[in-house]
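*Asks:* Below are the sequence and a predicted model; questions follow.
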Amino acid sequence: MDEDDIEPRLGRIRSTPIRRGRSYMSQVLRAANLAGGMARSAGKHSRFHGNRSGVGGGVGRVLASRDRLAAYRQRRVLVKSRIVRLDRANGMNAARAHLRYIQRDGVTRDGASGRLYASIEDEADGRAFLDRADGDRHQFRFIVSPEDGEQYEDLKSLTRRLMLQMEQDLGTRLDWVAADHFNTGHPHTHVILRGKDERGQDLVIARDYITQGIRERAAELVSLDLGPRVDVEIENRLRREMNQERLTGIDRRLLRDMNNDRVVSIGSTDPFQQSLRAGRLQTLGRLGLADEVEPGRWRLVAGMDDILRRMGERGDIIRTMQRTFREHGLERAPGDYVIADPVVLSPVVGRVVERGLSEELEDRHYLIVDGVDGRSHYVDIGKGETVEPIPVGAMVRIEAKMAGARAVDRTIAEVAAAHDGRYSIDLHLRHDPAATESFAQAHVRRLEAMRKAGSSVAREADGTWVIAPDHVERAATFEAHRARMAPVIVETLSAMPLDRQVGADGATWLDRELVSSDRTPLREAGFGREIREAMDRRRQWLIAEGLAQEEQGRVVLQANLLATLRRREMNRIAGQLSQQLGLAYLEARPGERIEGIYRRPVELASGRYALIEKSRDFTLVPWRPVLDRHIDKQVSGIIRGDSINWAIGRQRSGPSIS
């Protein structure tokens with residue numbers, strides 16, 4: 001018998017399957033998938049590509065090619081998927097961060113933290129899961145969101161049945177954990193799946209199965225639970241699609257039916273389908289996305305699907321902004337809603353109305369800001385970890401992050417070009433005698449950051465760096481990637497809401513604006529009008545406190561107003577802290593060296609300060625973000641004006657953090 005021949009070994013009808021509950025058909029599909037998608041070149045290690053053929057390809061193609069009417073009747077389920085490479089340097093750290101993220105507070109129906117579960121355990125051990133995954137090449141991350149998910153009291157049963165069906169389709173046991181989220185309008189489940197099968201081999205799932213198979217399997221289960229859609233539901237949904245400014249199912253069918261000239265006909269044997277196509281083409285014509293070339297025949301614009309997707313996303317964002325402002329009792333004109341483009345973003349100053357998630361799988365966040373220009377801004381701020389928590393009502397300034405090579409990159413390239421493609425601190429100081437060692441160390445930190453991010457820079461055992469001739473271009477690519485992760489810079493101007501600043505005994509943002517010669521432009525509408533009114537009330541408060549006086553219809557502010565207000569608040573808060581801590585308060589003065597243990601930040605109207613504690617006393621000094629990674633550690637620094645250069649640890653010399 002030839003080695004390619006197949007010899008079926010059938011059991012009795014309805015007999016127990018041969019291996020772990022697998023049917024004969026699942027074994028055939030598994031063998032076909034393994035033969036077609038898992039083969040490796042002899043003697044070579046296969047590189048990981050998430051888009052190549054793998055297990056589940058046959059099932060995925062079958063599910064994708066089913067009768068289109070079945071898709072109408074089935075309940076809809078959105079499945080987002082991502083394949084994550086777990087490299088040795090940062091892969092497991094990222095996996096731990098993602099696990100923490102799906103277990104964060106406020107995601108359950110009762111506002112509690114997310115609870116991990118698995119195929120059997122209702123309380124899965126996330127640490128044990130990561131220990132098992134240590135050494136895995138990759139992992140899969142899914143978000144499963146049934147359109148009718150609000151009808152489920154608990155998504156655990158649905159998720160477990162879906163993962164069991166995936167095991168049967170893929171022909172292997174799966175190691176996974178999941179957490180249900182009910183913190184958005186659409187209940188959904190986060191699933192993390194190890195990239196290993198039951199034999200310990202790399203699990204490669206076919207593209208067809210990831211993109212369509214999982215969604216179809218989930219839709220089958222939801223339809224079984226809630227029942228299929230009836231004809232009236234289907235027809236009503238399709239009629240609504242005719243006028244929507246987003247990519248719809250009707251559009252996808254039109255794109256499939258068009259010829260090489262992008263022309264499509266409204267003709268159909270089904271009168272209802274014909275009316276749908278005709279109505280939708282009229283809408284596309286109104287949107288400038290289709291032209292009628294002759295009666296009943298339309299030419300679709302190239303890129304129509306991408307344009308409709310962007311229109312749908314924009315519509316979703318505008319509705320999110322409108323809902324947010326209604327919830328906060330604010331009214332804004334429809335023309336005052338702005339979706340910021342980070343590439344051409346002009347600085348935005350305003351108060352934070354809401355911070356939310358725009359993409360859970362990628363952990364992308366947004367801010368809705370009520371601007372002083374009277375407009376309401378939606379700003380994508382990138383990965384959540386790149387922007388510190390900001391309270392609702394805080395005053396912020398947002399500007400675009402410049403993406404491109406820095407001066408430090410050009411200096412490194414210059415030094416390396418003069419020393420056979422090598423860079424080190426010694427080579428730098430030899431190349432530029434005017435440079436200091438701390439200046440050269442900043443260049444090493446830059447190279448280290450690029451190396452950790454996977455950029456093509458290499459460090460040799462002696463600490464020398466190998467620099468490529470196109471280092472500046474590589475640095476620009478590195479910065480472009482960082483800009484995608486964090487496209488904007490968010491500066492908190494004041495954590496105190498505007499109404500509380502009016503009577504605050506401290507140097508507020510309103511005070512800084514009042515004394516500034518370059519005030520923020522205010523529009524006489526929306527939040528801009530509110531700020532003007534708050535400034536008038538603040539002037540009256542300052543007059544009542546003896547910090548300003550009215551002369552000939554003008555309000556004249558006291559000299560050194562900010563310093564006076566800051567000192568008043570500092571003394572008041574320091575007295576309260578002194579009683580709590582049982583320590584004396586020592587005021588920090590410019591030029592003094594500060595040493596002690598950093599305990600925590602202290603939020604004042606004048607800004608955020610760091611509480612530095614010694615054995616018998618404490619002091620309050622300007623806070624810097626780097627300090628929060630060193631709570632309860634020894635720090636030292638020198639005050640220079642309104643800032644301070646910090647050194648972490650007990651050293652008396654060495655690199656500072658400024």
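*Replies:* It's in.

*Asks:* isn't there a strand covering Val349?
*Replies:* Yes - with DSSP: H, G, I helix; E, B strand; the rest coil as the criterion, Val349 is assigned to a strand.

*Asks:* Would you mind confirming that it is in contact with Thr520?
*Replies:* Yes - with contact defined as Cβ atoms under 8 Å, Val349 and Thr520 form a contacting pair (5.3 Å). (Each C-beta comes from the backbone N, C-alpha and C, glycine too.)

*Asks:* does Pro433 belong to a helix or a strand, and which?
*Replies:* Under the criterion DSSP states H and E, no helix or strand holds Pro433.

*Asks:* Quick check, pLDDT for it.
*Replies:* Looking at Pro433, its pLDDT reads 91.

*Asks:* got it, and the one 4 residues further on?
*Replies:* Per-residue confidence (pLDDT) for Glu437: 88.

*Asks:* element containing the closest residue to Arg624 other than its chain neighbours?
*Replies:* Leaving aside its chain neighbours, Arg624 sits nearest to Trp646 (6.3 Å; criterion: Cβ to Cβ, 6 or more residues apart in numbering). For Trp646, the host element (DSSP H and E) is strand 643-648.

*Asks:* quick one on the thing from earlier: assess the claim that the residue nearest to Arg624 and Gln634 are in contact.
*Replies:* No - the pair Trp646 and Gln634 does not pass the contact test of Cβ under 8 Å, sitting 11.0 Å apart.

*Asks:* since we're on the residue nearest to Arg624, how many residues are nearby?
*Replies:* 21 (other Cβ atoms under 10 Å).

*Asks:* who's it bridged to?
*Replies:* Beta-bridge partners for Trp646, by DSSP bridges, are Gly637, Ile657.

*Asks:* Okay, it and Asp105: tell me how far apart.
*Replies:* Look at Trp646 and Asp105: by Cβ to Cβ, to the nearest Å, they are 30 Å apart.

*Asks:* Could you do Gly404 as well?
*Replies:* 38 Å.

*Asks:* Also Gln580?
*Replies:* Counting by Cβ to Cβ, the gap from Gln580 to Asp105 is 27 Å.

*Asks:* would you list every one of the strands in the stretch 501-650 of the chain?
*Replies:* 548-551, 554-557, 584-585, 593-604, 607-613, 617-622, 634-640, 643-648 (DSSP state E, counting those that start in this stretch).

*Asks:* Let me have these in a markdown table, extended by distance to Val488 and mean pLDDT.
*Replies:* Formatted as a markdown table, those follow (distance: least, Cβ to Cβ, whole Å; pLDDT from 0 to 100):
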| stretch | distance to Val488 | mean pLDDT |
| --- | --- | --- |
| strand 548-551 | 36 | 90 |
| strand 554-557 | 33 | 91 |
| strand 584-585 | 38 | 92 |
| strand 593-604 | 23 | 90 |
| strand 607-613 | 20 | 91 |
| strand 617-622 | 23 | 91 |
| strand 634-640 | 28 | 83 |
| strand 643-648 | 23 | 68 |
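
*Asks:* Those: which one's closest to Leu345?
*Replies:* strand 607-613 (25.0 Å; Cβ to Cβ).

*Asks:* Please compute how far the closest one lies from its chain's middle.
*Replies:* Distance of strand 607-613 from its chain centroid, counting by Cα atoms, centre = their mean, to the nearest Å, is 30 Å.

*Asks:* Give me the neighbour count for Ser516.
*Replies:* Look at Ser516: counted by other Cβ under 10 Å, it has 9 neighbours.

*Asks:* May I have the secondary structure class of the nearest residue to Pro347 once chain neighbours are set aside?
*Replies:* Excluding the flanking residues, the one nearest Pro347 by Cβ to Cβ, 6+ apart is Glu399, at 4.4 Å. Under three-state DSSP, Glu399 falls in the strand class.

*Asks:* so Glu399 bridges to which residues?
*Replies:* Ile489.

*Asks:* what about it, how many neighbours?
*Replies:* For Glu399, the count of nearby residues is 15 (other Cβ under 10 Å).

*Asks:* do Ala434 as well
*Replies:* 6.

*Asks:* go on, Asp511?
*Replies:* 23.

*Asks:* Report the contact partners of it.
*Replies:* With contacts defined as Cβ atoms under 8 Å, 6 or more residues apart in numbering, Asp511 is in contact with 538, 542, 561-562, 565.

*Asks:* which residue is nearest the centroid of this protein?
*Replies:* Arg364 (1.6 Å; Cα atoms, centre = their mean).

*Asks:* Dig out what that residue forms beta bridges with.
*Replies:* Applying DSSP bridges to Arg364, the residues it is bridged with are Glu359, Lys383.

*Asks:* Mind pulling up the pLDDT for it?
*Replies:* The model's pLDDT for Arg364 equals 85.

*Asks:* Asp105 now?
*Replies:* 74.

*Asks:* Distance check, it against His98.
*Replies:* 16 Å.

*Asks:* Looking at those two now, which is surrounded by more residues?
*Replies:* His98 (18 against 10).

*Asks:* Surely the more buried one forms part of a helix?
*Replies:* Yes - under three-state DSSP, His98 falls within a helix.

*Asks:* Just to check, it is in contact with Arg141?
*Replies:* Yes - using Cβ under 8 Å, His98 makes contact with Arg141 at a distance of 6.9 Å.

*Asks:* what is in contact with the two at once?
*Replies:* 84, 192.

*Asks:* phi, psi of Thr269?
*Replies:* Backbone torsions of Thr269, given as degrees, to the nearest 10, read phi -70, psi -20.

*Asks:* how many neighbours does it have?
*Replies:* Count around Thr269 with other Cβ under 10 Å applied: 6.

*Asks:* What pLDDT is listed against it?
*Replies:* 73.

*Asks:* One more: the one 5 residues further on?
*Replies:* The predicted structure scores Gln274 at 88 on the pLDDT scale.

*Asks:* in what helix or strand does the closest residue to it other than its chain neighbours lie?
*Replies:* Closest residue in space to Gln274, ignoring its immediate chain neighbours: Ser268 at 4.2 Å, by Cβ to Cβ, 6+ apart. Counting by DSSP H and E, no helix or strand carries Ser268.
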